[in-house]
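Engineer: Next input, structure requested:
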Amino acid sequence: MNFNTLLLEKDNDLRILALKEMLNQVDQHWSEISELLSQIESLSEDPKFPERQLASYLCAKIQYHLDNFDESLNYALQSGHYWQSDLNDKFNQCLIKHCVEQYRQSGKATEERISLIKHILELSCGQNNHISAIGVAVECKRIDWVAEILNKWKYPGKMISVLHLFNTQRGQFKEQLLRLSVDLIYEEAKQGQIPNEEWGQFVTVLIQLGEAIKVAEILWTLVINENHYKLQTGTPLLLAEQLCIDLAQNQKPQFIQKIIAALPIDQQFQEVRDKLIKLLSGEQQRKAYLYFLKNHRQVDVEVLNKIKGSNDPKQSSVLHGACMFGHALATAGTQDTSFLQANQQWATKCNYWQRFTATSTLGMINKYNIEESQQIMAAHLSQTNPFEIGGALYGLGLIHFGTQDQQLLLKLSDYMKSQKEQIIHGACLGSGLIAFASEDEKLNQDYHNLVSKNESVYGEGASIGFGLLNAGSGSIEQCKRLLVLAGQSDKDKIVRTLSLSIACILFHQEDKADVIIDQMLQSNDPLIRYGGCFTLAFAYVGTGSNKIIQKLLSISVNDVSEDVRRAAVISFGFLMFKNYESLPKIMRLLTLSYNPHIRYGTAIALGIACAGTLYADALSAIEPMLTDTVDFVRQGALIALGMILSQGNKDQEPKFEPIMKSINEIAAKKHETVLTKLGLAIFQGLLDCGGRNLTVSLQSRQGVPKLNACVGMLWFLNYWYWYPCLSMISVALQPVSFIGLNENLDIPKDFQLQCNTKQSVFDYPPPQKKSEKPIAEKKTVQLSTTQKVRARTNKKDLEKKQIDSASQGVISREQSKMSLEQQPSEIIRQPSLIEEQEKKQAAPKDEPNQYILTNPCRILDKQKKHIQLLEGSRYQPLLKDRKQGLVMLIDSEPSQSADVISLTVKPKQPIIEQVVNQQPAPPNQVPEEFVFDEALQNEEQKQ
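Structural biologist: Model prediction:
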C-alpha cells in the first residue's frame, strides 16, 4: 500500500485508512514510515482533520522508535483515548519513566505531564502496587503524593515496608518523609499492626530524627500502660527492655542521655525504671558480655607461644610490643593473664613508649571488667615509671569506655596536671575514652589549654581526646576552633590528630559537613587534607554515595601527597561497609597500582568493609599482596586478612587454608622485616580475637553505623604514626554471641537453639599442637681402628643375646635373621603403635547434621541462617528473627522456678568451661594479676 499517495488524498477517509494501517505496521516498519513523519505531523496539527489524535499517536510511536522520547511524550499526551497508559506495555513504560525522570531532575512539568504521573500512581495503587507508587512519588520529591497514597493504603504494617525507600533520600526531604512515617507508625502500633521484629525500625527512625523525648514516652507507656499498645506476642515490659538493648547498640551516647533524663521518676515503677537505665547505659550488656567472654574463652596458648617465639625482642622493641598487642587481642575481654604470668621475665623487657603500650593492653584484656578495673591498675599506678603510669591511665579508659564515670574523670583530671608528658598523654586518652561523646565543657577546655602549649606528646593526646569527647556531635563551631588550633601549630602530630578529630565530630552529618570538608580538602597543608579524606568518609559513613566515591577516587589519583592518597583509598572502607560486596570491583584496579601506599590503602579498606565476612572476592584481591615487594604493603594485607578471616576456618571458606599456608611461610622466614612481623602478630591476634569470641563490627544489627566502632577503627589506623593507638581497636570489637535474657535480666540456662549444620563447620578451631623440633645428633670423628674394635664387640654381644633368647624360646626366626648392619634410623621409621592409634583417632567420623547450642552461645554471622528455634521449649525469643546479640526471652511458665545465671551477683569462683592447652597456675607462685616487675627487669639488665 502506497501510504504517501493516500496521505496526499483530499478524502479524509482515505487518509484515516492510511494512518490506521501505518499504526499497525509501525513497530516493524518504523524506519520506512518515519520518512512520512512531516506529513503525519501536519495532519495532527490540522484543526479540520477529524482524527488529529490518531495522527498524534502515530507520531508518538515514530518518535519513540527514533529515540526522541520527549517529543514522543508530547504527542502521546495529545493523542487522547488512543494512548492507554498500560503499565505492562514497553512503549508506555518508556514514556512514563522519561516523564518521571524529567520531573525528578527539574522539579517542573506541564499540567499534562503532572496529570499523567498522578494517573500512573492511581493505576499502580489500583493494581495493589502501592510500594512502586510511593517509590515514584519519593523520586518526584512530592511529600503530598506520598501522604495521599499512604492514607488510601489499607494495609497493616505498611509503614515498615516502605521505610527503606525513605532512607535512600538525603537532607531535609528525608527528614520530612521520616516525620510523616512516625505519626502513621504510631497509629499502627496502637492497633497492634506492627510485629515485634519491626519495633526496632520504628525506634531507628526516631533516632534519625533525634526524637529522644518521643522514645522515652514510648518506653514509659509500655511500662505503665500494658493496654496502650497491642503486641502480637510477649509483654510490654519485655518489648521495652528489648528496645533499650537496641538503642544502646546503635551507640548514640548523647541521644541515650536525653532518653534517660526524660524518663519520669515514679516510686511505683522505680525498679522497672532502673532496669531500663541499666540497659540504656549498657551496664547490663557489659555484664552479660563479660560473663560470656570469660566463661567461653578458647585461648590457645600455643598460638601465643608462636607469636612470642617468632619475634626476638633484642632485634627490635617494636616486635616485643607487637607480641604484647597480639596477646592482648587474642585474650581481649577474657581477663586471662596466665600467659603473661608464665612469661613475666619476657613481658617486662620493654621500656619507654613500649612500656606505655604494653601496660595499656591490660585494658583490652579486661574489657568490660569495670568492677575490678582500678584494683587491676592500682599496682601500675603506684609505680614511679611515667610510661607505665600513663599506660595504666590509658588502659583504664579502655575498660571504662563510654561509662561517664565522674569520679574516675576527676582522678584523671588530676593526672593531667602532672609534670610528666607521658602521664598527661595517658590521662588525655583515658579521659576521652571514659567521657566519650559527652561534650564535657571542662574537659574540652582542659584539652584546649594543652593543645595551645604546642607540645608534641601531650598535645597529640589532647587532640585525640577532642575527637573522642565530641564524637558525633556535629558541631560546626567546634570544628572551626580545631582548624584554628591546627593552623597555629607547627607540630605534625598535633595538626594530624586535630584533623582526624574533626572527622569524629562530623560523623554521619552528610551534607551539613560539606562546608568544613571543602575547606579541609582545599587546604595547602597535606596533614589537613589527610584528615579531610576521613572527614568526607565519616560524614557519609555507610551510604555508598556515588558522588563521594568519585571524589575519593579523584583524590587518590591526583593528590601530590602519598599520605593523602593512602587516606583517600582507606576511606572507601568506612563509606561502603554496608554494601561490601561491590567494593572489590571498585578496588580491582587500585590493587594493581604502582604506588605501594595505594596498595596498602586498598587492603585496609577491604579489611574494614568486609570484616568478619570471609568474603571470597576480597580475599582474592588481598592474597597477592602477601608477596608484595614492599614490607608495609605485606603488613596491611596481613591486618586486612586478620579482620576478614576473624573467627573463620577452612570449613566456612575454601580459601582459608591456602591463605593460612602462605602466611605460615612468611612467618617461617628468618629475615622478614620488622613491619611484616608486626602485621603477623596483629593478624594472629585478630584471627583468635577475644578467646575466639570477638570480631570487628562497624554497624548495628539494624544497619545503623556504630559511632563507637568507627571512631575506634579510625584511631587504630593511626598506629601508622603512633603505635599506642593500636589499643583503640578494642572499642570496635563486638562479641559474636547469642545471649538470651529473661524479664529480670538474668540468663536462663534452659533455653536452647538448634544449628542445622555439622558442628565442625562453625565450631572453635582445634588447638594447635606444640611443635617439637628433633634434636640433631652430634657426629664425632672416629679412627678406623676404633670402629673395627667396636664392630667386633657389638657382634659378640649380639650373638650372645641371640643364644640366650633362643634358649628361652622368645626370639623369633625373623628377629634372629636381622642384619647386624641395620641402621637405627631404619628402626625409627617403622610406625609405632602410638602413631597408628593417633591415625585411627584422626580418621574422619560421620558427624550429625545438627547439634544443640545452650544459652549463652557463640553464633557467627554466617551461622545465623542455620539456626532454628526448638518447639515446645519453655522460653522463646521475643524477636523470632534475631539469632545474634542480646535477646529478651518470653517465659511460658513464669510461676515456675528457673535455673538462671544471675548477672547481678558476681560469682566468687566463676567456672571456666574450657581453656585450650592451659594449666591452672600453682597457688601463691604468681600474682593474681599481671604486674610489671621493675626490679626484676633491672636485675636482668645488669646480668
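Engineer: who touches the residue nearest to the spatial centre of the chain in this structure?
Structural biologist: Closest residue to the average C-alpha location of the chain: residue 697 at 2.5 Å, with CA atoms, centre = their mean. Residues near residue 697 by CB atoms under 8 Å, 6 or more residues apart in numbering: 611, 612, 706, 709, 732, 733, 734. Yep, even glycine has a C-beta here, placed from its N, CA and C like the rest.
Engineer: which two of those lie the greatest distance from each other?
Structural biologist: Spanning the widest gap among the contacts of residue 697 are 612 and 706, at 13.5 Å by CB to CB.
Engineer: Residue 346 and residue 363, how far apart?
Structural biologist: Note on residue 346: its distance to residue 363, by CB to CB, to the nearest Å, is 20 Å.
Engineer: Settle it for me: which of those two has more neighbours?
Structural biologist: residue 363 (29 against 14; other CB atoms under 10 Å).
Engineer: Packing partners of the helix or strand hosting the more buried one?
Structural biologist: Assigned by DSSP states H and E, residue 363 falls within helix 352-365. Secondary-structure packing of helix 352-365 (3 or more CB pairs under 8 Å, 6 or more residues apart in numbering; DSSP states H and E): helix 317-330, helix 373-381, helix 386-399, helix 421-434.
Engineer: Figure out how far it is from the centre of its chain.
Structural biologist: 25 Å (CA atoms, centre = their mean, to the nearest Å).
Engineer: Using CSV, write out the CA atom coordinates for it.
Structural biologist: Once non-C-alpha atoms are left out, helix 352-365 reads as follows in CSV (Å, rounded to 0.1, in the frame of the first residue of the first chain):
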residue,chain,number,x,y,z
TYR,A,352,59.8,3.9,77.3
TRP,A,353,56.7,4.0,75.0
GLN,A,354,56.7,0.3,74.5
ARG,A,355,56.1,0.0,78.3
PHE,A,356,53.3,2.6,77.9
THR,A,357,51.6,0.5,75.1
ALA,A,358,52.2,-2.9,76.9
THR,A,359,50.5,-1.6,80.1
SER,A,360,47.6,-0.2,78.1
THR,A,361,46.9,-3.6,76.6
LEU,A,362,45.7,-4.8,80.1
GLY,A,363,42.7,-2.5,79.4
MET,A,364,42.0,-4.7,76.3
ILE,A,365,42.4,-7.9,78.3
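Engineer: Just the buried positions in that helix, please.
Structural biologist: 353-365 (16 or more other CB atoms under 10 Å).
Engineer: for stretch 573-593, same thing?
Structural biologist: For stretch 573-593, by 16+ other CB under 10 Å, it's 573-577, 580, 583-584, 586-587, 590-591, 593.
Engineer: end to end, how far does it reach?
Structural biologist: Criterion CA to CA, to the nearest Å; first-to-last residue distance in stretch 573-593 is 18 Å.
Engineer: Now find how far off-centre it is within its chain.
Structural biologist: Worked out by CA atoms, centre = their mean, stretch 573-593 lies 15 Å from the chain centre.
Engineer: for the buried residues of helix 352-365, which one is nearest residue 408?
Structural biologist: residue 363 (12.8 Å).
Engineer: Test my guess that the closest one contacts residue 374.
Structural biologist: No: using CB atoms under 8 Å, residue 363 is not in contact with residue 374, being 11.9 Å away.
Engineer: Find residues that contact each of those two.
Structural biologist: Common neighbours of residue 363 and residue 374 (CB under 8 Å, 6+ apart) are residue 396.
Engineer: out of the helices and strands packed on helix 352-365, which comes closest to residue 68?
Structural biologist: helix 421-434 (61.8 Å).
Engineer: Just the angle for the closest one relative to helix 386-399, thanks.
Structural biologist: 0 degrees (axes from the mean of the first three to the mean of the last three CA atoms, to 10 degrees).
Engineer: In the next helix or strand after helix 421-434, which residues are buried?
Structural biologist: Once the chain leaves helix 421-434, the next helix or strand it forms, by DSSP H and E, is helix 441-452. Neighbour-count burial for helix 441-452 flags 443, 444, 446, 447, 450, 451 (criterion: 16+ other CB under 10 Å).
Engineer: just how off-centre is helix 441-452 within its chain?
Structural biologist: 32 Å.
Engineer: Give me the contacts around it.
Structural biologist: Here helix 441-452 has contacts from 409, 413, 416, 424, 428, 431-432, 435, 458-459, 461-463, 465-466, 469-470, 481, 485, 488-489, 494, 498, using CB under 8 Å, 6+ apart.
Engineer: Show me what secondary structure element comes after it.
Structural biologist: helix 456-469.
Engineer: quick one: that next one to chain centroid distance?
Structural biologist: 25 Å.
Engineer: Please name every helix or strand in contact with the helix or strand that that helix is followed by.
Structural biologist: Note on helix 456-469: by DSSP H and E, the next helix or strand toward the C-terminus is helix 476-488. Helix 476-488 is packed against helix 441-452, helix 492-505, helix 514-521, helix 526-539, with contacts defined by 3+ CB pairs under 8 Å, 6+ apart.
Engineer: which parts of helix 476-488 are buried?
Structural biologist: 478, 479, 482, 483, 485, 486.
Engineer: what about the helices and strands packed on helix 352-365, which gets the closest to residue 22?
Structural biologist: helix 317-330 (75.5 Å).
Engineer: so that closest one versus helix 386-399, what angle?
Structural biologist: 30 degrees.
Engineer: other SSEs contacting helix 317-330?
Structural biologist: helix 301-310, helix 352-365, helix 674-687, helix 689-692.
Engineer: Contacts only, for residue 727.
Structural biologist: So residue 727 contacts 325, 328, 357, 360, 361, 363, 364, 394, 395, 398 (CB under 8 Å, 6+ apart).
Engineer: go with 7 Å
Structural biologist: 357, 360, 361, 363, 364, 394, 398 (CB atoms under 7 Å, 6 or more residues apart in numbering).
Engineer: Make sure it is indeed in a strand.
Structural biologist: No: with DSSP: H, G, I helix; E, B strand; the rest coil as the criterion, residue 727 is helix rather than part of a strand.
Engineer: What about the closest residue to residue 649 other than its chain neighbours, how many residues nearby?
Structural biologist: Excluding the flanking residues, the one nearest residue 649 by CB to CB, 6 or more residues apart in numbering is residue 765, at 5.1 Å. Other residues near residue 765 number 19, with proximity taken as other CB under 10 Å.
Engineer: quick one, phi/psi of residue 765?
Structural biologist: Phi and psi for residue 765, reported as degrees, to the nearest 10, are phi -60, psi 150.
Engineer: from what I can see it touches residue 648, true?
Structural biologist: No: look at residue 765 against residue 648 with CB atoms under 7 Å: they stay out of range, at 8.8 Å.
Engineer: that older thread, the buried residues of stretch 573-593: which two are farthest apart?
Structural biologist: Maximum distance among those (CB to CB): 21.8 Å, for 577 and 593.
Engineer: Specify the strand with the largest residue count in the protein.
Structural biologist: Scanning the chain for the strand with the most residues, using DSSP state E, yields strand 885-891.
Engineer: Relative to the helix or strand following that strand, what are the paired strands and their orientations?
Structural biologist: Using DSSP H and E, the next helix or strand after strand 885-891 towards the C-terminus is strand 900-901. Strand 900-901 has its sheet partners listed here by DSSP bridges as strand 747-748 (antiparallel).
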